[in-house]
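# let's see this in three dimensions:
(one chain, ligands or ions: 1)
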Amino acid sequence: MNNRNDFNVVVIGAGPAGCQCARTLAKLGYKILLVEQQKTFEKNDFSSAATPQETLDKFNLPETVVGSYWRKISIITTNINHTWTSPKTLGAVLNFAKLREFLAGEVESYSGKVWMGCRYTRHFQEDGKAIVKIRRFNGEKIAVSTEVLVDATGHARAVIYAQKSNQPQFLNAVGIEYLIEVEPREYDKYAHDLKFFLGHKWMPKGYSWIFPMEAEKQRLKIGVAKYNLEHQQIVETKPMRWYLELLIQDYMKLEKYKLIDIHGSVVKYSAGLKDIYYQDNVIVIGDAVSTINILGGEGIRHGMENAEIAIKYIQKYLKKRLSSFRTYQKEMHRRYAIKWNISEQMWRRRYMQDSDESIDKGVKYLKSLTIEDMMNILFEYNFQKLYKGLGKYLQHKVKLVRQKINNLFYFRE
Ligand SMILES: Cc1cc2nc3c(=O)[nH]c(=O)nc-3n(C[C@H](O)[C@H](O)[C@H](O)COP(=O)(O)OP(=O)(O)OC[C@H]3O[C@@H](n4cnc5c(N)ncnc54)[C@H](O)[C@@H]3O)c2cc1C
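Predicted coordinates:
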């Protein structure tokens with residue numbers, strides 16, 4: 001094997017998880033190759049990429065990857081519309097293409113290699129190393145050797161499952177998004193606000209959203225996500241584009257807009273976190289081990305955090321202080337299993353059982369929560385706050401019932 005093609009770590013997939021993994025390892029001085037099947041990051045610019053402020057701070061992300069900032073969260077159901085507002089910035093809608101471009105640029109700045117337009121096809125073991133076969137977009141075949149091979153291929157899980165039959169069962173979702181340009185006065189209505197649409201009117205078996213993407217060009221992201229599953233009450237839904245048009249026509253009432261791009265992708269989440277996390281010298285990160293939170297569809301921050309966890313184990317493995325990644329899987333389960341299981345249960349209820357009325361009711365009692373509580377629920381997955389909301393809601397209900405009873409007696413007297 002040519003020395004030029006001999007690496008400490010080869011990362012397959014330049015999503016947020018793979019890029020962050022390659023970035024940190026390259027910075028630590030390891031010989032790194034990052035391989036991505038798409039020729040450019042614009043090709044699969046699929047993510048809405050809303051994230052809390054913590055992501056920018058924790059991963060030292062520059063302004064250039066930010067599309068816009070947000071400080072409000074709105075939930076719109078079939079009958080309710082409520083907004084929680086903070087005086088300070090709470091997060092950003094990232095430019096997903098620019099985020100990965102920046103991270104990949106960092107890999108190169110630390111002397112790592114980034115090969116775009118190169119597809120992983122297979123690998124095998126030889127003398128304790130993985131020999132990885134890669135095909136360039138022009139058909140050229142290349143082999144590289146590596147001590148550790150990272151599967152960061154997202155829902156494709158291209159490295160760890162040579163055969164699809166070995167895969168666990170997945171909960172599947174599809175998301176489609178329009179990037180549109182609107183008039184300044186229209187953009188202002190959506191600036192700084194993450195608007196989520198729940199309820200059977202807007203997207204049965206799923207949800208939809210309007211996010212501000214770029215103030216300068218007055219660009220908005222409008223998306224719908226639908227889970228492929230049986231709902232107890234909803235039998236049929238219309239095509240997803242129909243619900244996108246519904247947002248544009250019925251909610252936004254846009255007479256004029258420019259469609260800049262249509263993109264989308266799928267999410268495949270393993271219920272109960274049954275993914276394979278490692279095999280020989282292969283370690284799996286990001287959506288390929290279901291780090292996305294299925295309830296809210298938030299995956300960028302978790303994929304990047306997961307990369308940092310994996311790096312601890314990769315370093316030990318390279319220093320021969322570990323002979324397998326078993327402890328990595330343990331740490332991942334310790335960290336994610338309980339919270340992600342609760343999210344999954346709530347997700348099942350919300351997207352497989354809830355009637356439109358119960359969604360309305362749920363949001364009605366969320367109204368009593370503060371914006372801090374909402375951030376805790378949506379981004380910290382701290383569901384105890386929900387009980388606080390429920391408590392206040394019940395108190396309010398009890399008060400109403402008391403009033404009714406008092407009135408009843410008052411009129412009788
Ligand atoms: C419509 C939609 C909206 C979303 N919105 C948000 C949001 O608002 N906020 C948020 O935090 N998360 C969001 N997510 C989720 C988030 O985008 C993902 O969780 C995140 O991108 C996962 O990162 P990853 O690096 O694990 O995988 P990915 O981002 O999927 O990256 C995997 C990469 O591997 C490459 N690849 C695959 N197979 C091969 C191969 N054989 N050879 C070479 N390369 C390969 C792919 O081309 C891809 O670039 C959204 C997802 C969707 C689908």
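# for the stretch 101-250 of the chain, which segments count as strands?
113-115, 118-126, 129-136, 141-151, 170-181, 193-197, 206-214, 219-227 (DSSP state E, counting those that start in this stretch).
# do you know which of the ones you listed lies nearest the ligand?
strand 170-181 (2.5 Å; C-beta to the nearest ligand atom). All C-beta spots, glycine's among them, are computed from the backbone N, C-alpha and C.
# what's near enough to touch Val363?
Residues counted as contacts of Val363 (C-beta atoms under 8 Å, 6 or more residues apart in numbering) are Ile75, Thr77, Ile80, His82, Leu198.
# which among those count as buried?
Ile75, Thr77, Ile80, Leu198 (16 or more other C-beta atoms under 10 Å).
# can you redo those as TSV with distance to Glu106?
Below are the buried ones among the contacts of Val363 laid out as TSV (distance: C-beta to C-beta, whole Å):
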residue	distance to Glu106
Ile75	36
Thr77	41
Ile80	43
Leu198	37
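# phi and psi next, for the closest residue to Glu101 other than its chain neighbours.
Distances taken as C-beta to C-beta, 6 or more residues apart in numbering put Phe41 closest to Glu101, at 4.9 Å, once the chain neighbours are dropped. Main-chain dihedrals, Phe41, degrees, to the nearest 10: phi -80, psi -20.
# from the ligand, how far off is Phe41?
Applying C-beta to the nearest ligand atom, to the nearest Å, the value for Phe41 to the ligand is 8 Å.
# need the per-residue pLDDT for that residue.
If you check Phe41, the pLDDT there is 97.
# hmm, which two among the buried ones among the contacts of Val363 are most spread apart?
Ile80 and Leu198 (9.1 Å; C-beta to C-beta).
# residues from the stretch 201-350 of the chain in reach of the ligand?
By C-beta under 6 Å from any ligand atom, the residues of the stretch 201-350 of the chain that approach the ligand are 223, 264-265, 267, 286-287, 292, 297-301, 303.
# mind giving me the ChimeraX command for buried ones among these?
Typed into ChimeraX, the next command selects the buried ones out of these (criterion: 16+ other C-beta under 10 Å):
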select :223,264,265,267,286,287,292,297,298,299,300,301,303
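# between the residues of the stretch 201-350 of the chain next to the ligand, which is closest to Asp57?
Using C-beta to C-beta, those come closest to Asp57 at Arg301, 11.0 Å.
# beta-bridge partners for the nearest residue to Asp261 once chain neighbours are set aside, please?
Spatially, and ignoring its direct neighbours in sequence, Asp261 is nearest to Leu179 (4.2 Å; C-beta to C-beta, 6+ apart). When assigned by DSSP bridges, Leu179 has beta-bridge partners Lys221, Asp261.
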